[in-house]
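[1] Build me a model from this:
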Amino acid sequence: MDISIVNDLRSFVTVFFLILFLGIVAWAYSSRNRSAFEEAAGLALEGDEPADHKTSNGGTQ
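    Numbers count the residues shown, from 1 in each chain. The predicted structure is shown next:
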């Protein structure tokens, strides 16, 4: 395989992934997605009840 073809292919792949990366960054920081991301960020904290502190020291008081 000719070296210039390999270099052209490497250049194309590099530019493709750079554009893909910039597109993902733009999508992640888009103001349209902010509310969905904030809602998803709070899911881990919803529904958790406080732990029962009576048995936190091994059951002895």
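[2] For the residue nearest the centre of the chain, give me the pLDDT.
    Nearest to the geometric centre of the chain sits A28, at 8.6 Å (CA atoms, centre = their mean). Listed pLDDT for A28 reads 90.
[3] From V13, how far out is it?
    A28 sits 22 Å away from V13, going by CB to CB, to the nearest Å. From N, CA and C alone the C-beta is placed, and that goes for glycine too.
[4] returning to what we had before: and the residue lying closest to the residue nearest to the centre of the chain once chain neighbours are set aside, which helix or strand is it part of?
    Among residues not flanking A28 along the chain, F37 sits closest, at 7.8 Å (CB to CB, 6 or more residues apart in numbering). Element membership for F37 (DSSP states H and E) is helix 34-42.
[5] host element of I24?
    helix 3-28.
[6] Just want the angle from that helix to helix 34-42.
    80 degrees (axes from the mean of the first three to the mean of the last three CA atoms, to 10 degrees).
[7] in helix 3-28, what counts as buried?
    Within helix 3-28, no residue counts as buried by 16 or more other CB atoms under 10 Å.
[8] what's the neighbour count on A41?
    Applying other CB atoms under 10 Å, we find 9 residues neighbouring A41.
[9] Make 27 the starting number, not 1.
    In the new numbering, first residue 27, that becomes A67.
[10] now it: how far from N59?
    From A67 to N59 the distance is 12 Å (CB to CB).
[11] tell me the average confidence for stretch 67-78?
    Mean predicted lDDT for stretch 67-78 stands at 74.
[12] got it, and stretch 34-44?
    pLDDT averaged over stretch 34-44 gives 97.
[13] Touching it from outside, list them.
    Outside stretch 34-44, no residue is within contact range by CB atoms under 8 Å, 6 or more residues apart in numbering.
[14] Tell me the secondary structure of S56, please.
    coil (DSSP: H, G, I helix; E, B strand; the rest coil).
[15] need the contact list for it.
    For S56, counting by CB under 8 Å, 6+ apart, there are no contacting residues.
[16] Distance check, it against T40.
    Taken as CB to CB, the span from S56 to T40 is 25 Å.
[17] do G49 as well
    In this view, G49 and T40 are 15 Å apart by CB to CB.
[18] Repeat that for F63.
    Counting by CB to CB, the gap from F63 to T40 is 29 Å.
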